[in-house]
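S.K.: below is the structure, and that's it, no one-letter string:
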């Protein structure tokens, strides 16, 4: 399967996880409720970090507890997560990231309890975990993950709703809203396909690219920048909208691309639309993702369904960015890195030494399981 196939399959996996939500998030919910926790400390890197950036505010809003988000390096260098009564969650989709494992060792040495979340509970991460849980990504055999991002976001939203201070009726309503945005994804991807066709040549230009979003969509902007760097090998940056307007925008020329990710909250639409209109004066490659019914017809706009909950707005922007990166990388064949990059990659390891063999064994096991199911 290609990266774009995983983007399309994500809605199916999200629905499956939603249906199994009690089994999926039940264990971590019980651990949290059995403790006297006064805050959350989330630790991750790469796309997992970006996923947590998307849900950090939601977890804080629903739990009414402060949430801190750090990279593993920050935790080790600055002695973060050492205070008592913080619920520490450390995340790695592969379970083989050397910096994550180093951080686990650091926490264990200091007798700091934590929960590990991964897509592979048999990975090296398990060797340093008392409590390790699969967050429901399944099998994603590509280097630049997309389904792992979406399922991790869903896991935290389900967990946050479980432990929230909301009434049972409001928890149920939140679950219904989450299910709706999941079910809307296939239609959203069809809209994105049309957007790709209409902006084919503009998106093929090897331009430096900005991604701008607020709240949960700042995490989407950061993940969008990462995906463009990984897949299309383009310099890409991310900012909140107003931060973009306070300096970074000065470098704009017609040879830049900008993606604006609207807040999806009605009162904020105007500002994004103002900036979108103004950007057309300096670059033809300005794009807007919005649910506003007020925006005029424009091939550079991806029109999404309306959402009345800011927490869930990211699910109407994240798949769009993921599919754009995946499809354009396939069309332009930008997957291979520069030939000199191999020299660098061989000297700098970010996965455990036997990661490639682990991945082969996981694939073989998965293929055998699916073979047995069909026979």
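M.R.: Great, that's in hand. This one's a predicted model, so the numbers in the text were calculated from it and none came from an experiment.

S.K.: mind listing the strands for the stretch 151-300 of the chain?
M.R.: 209-213, 236-239, 257-261, 286-290 (DSSP state E, counting those that start in this stretch).

S.K.: ok, now the stretch 1-150 of the chain?
M.R.: With DSSP E, counting those that start in this stretch as the criterion, the stretch 1-150 of the chain has strands spanning 39-43, 67-70, 86-92, 115-118, 131-134.

S.K.: and the angle for the longest one with strand 39-43?
M.R.: Put plainly, it is strand 86-92. 20 degrees (axes from the mean of the first three to the mean of the last three Cα atoms, to 10 degrees).

S.K.: thinking again about what came up before, mind giving me JSON lines with the strands of the stretch 151-300 of the chain and columns for mean pLDDT and mean neighbour count?
M.R.: C-beta coordinates here come from the backbone N, C-alpha and C atoms, glycine included. Conversion of the strands of the stretch 151-300 of the chain to JSON lines gives the following (pLDDT from 0 to 100; neighbours: other Cβ atoms under 10 Å):
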{"stretch": "strand 209-213", "mean pLDDT": "98", "mean neighbour count": "27"}
{"stretch": "strand 236-239", "mean pLDDT": "98", "mean neighbour count": "22"}
{"stretch": "strand 257-261", "mean pLDDT": "98", "mean neighbour count": "26"}
{"stretch": "strand 286-290", "mean pLDDT": "97", "mean neighbour count": "24"}
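
S.K.: turn those strands into TSV, columns for distance to residue 322.
M.R.: Shown next, in TSV, are these (distance: least, Cβ to Cβ, whole Å):
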stretch	distance to residue 322
strand 209-213	12
strand 236-239	14
strand 257-261	12
strand 286-290	12
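
S.K.: residue 45 is nearest to which of those strands?
M.R.: Among the strands of the stretch 151-300 of the chain, the nearest to residue 45 by Cβ to Cβ is strand 236-239 (15.8 Å).

S.K.: and for the closest one, what's in contact with it?
M.R.: Here strand 236-239 makes contact (Cβ atoms under 8 Å, 6 or more residues apart in numbering) with 208-213, 218, 221-222, 224-226, 228-229, 248.

S.K.: switch to 7 Å and redo it
M.R.: Residues from elsewhere that reach strand 236-239, judged by Cβ atoms under 7 Å, 6 or more residues apart in numbering: 209, 210, 211, 212, 221, 222, 224, 225, 228, 229, 248.

S.K.: cool, stretch 177-197 as well?
M.R.: 8, 10-11, 14-15, 18, 157, 203, 302-305, 307, 309, 312, 315-316, 319-320, 323-324, 327.

S.K.: to residue 27, which of the strands of the stretch 1-150 of the chain lies closest?
M.R.: strand 131-134 (5.7 Å).

S.K.: circling back to that earlier point, what's the closest of the strands of the stretch 1-150 of the chain to residue 100?
M.R.: strand 86-92 (4.2 Å).

S.K.: ok, that closest one: who's next to it in the sheet?
M.R.: Under the criterion DSSP bridges, strand 86-92 sits next to strand 39-43 (parallel), strand 115-118 (parallel) in its sheet.

S.K.: what's the first-to-last distance across stretch 231-239?
M.R.: 20 Å (Cα to Cα, to the nearest Å).

S.K.: from residue 40, how far off is the closest residue to residue 271 other than its chain neighbours?
M.R.: Leaving aside its sequence neighbours, residue 271 sits nearest to residue 241 (Cβ to Cβ, 6 or more residues apart in numbering; 6.6 Å). When distance is defined by Cβ to Cβ, to the nearest Å, residue 241 is 27 Å away from residue 40.

S.K.: can you redo the strands of the stretch 1-150 of the chain as JSON lines with distance to residue 164 and mean neighbour count?
M.R.: JSON lines is the format used below for the strands of the stretch 1-150 of the chain (distance: least, Cβ to Cβ, whole Å; neighbours: other Cβ atoms under 10 Å):
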{"stretch": "strand 39-43", "distance to residue 164": "13", "mean neighbour count": "23"}
{"stretch": "strand 67-70", "distance to residue 164": "13", "mean neighbour count": "19"}
{"stretch": "strand 86-92", "distance to residue 164": "14", "mean neighbour count": "24"}
{"stretch": "strand 115-118", "distance to residue 164": "18", "mean neighbour count": "25"}
{"stretch": "strand 131-134", "distance to residue 164": "19", "mean neighbour count": "18"}
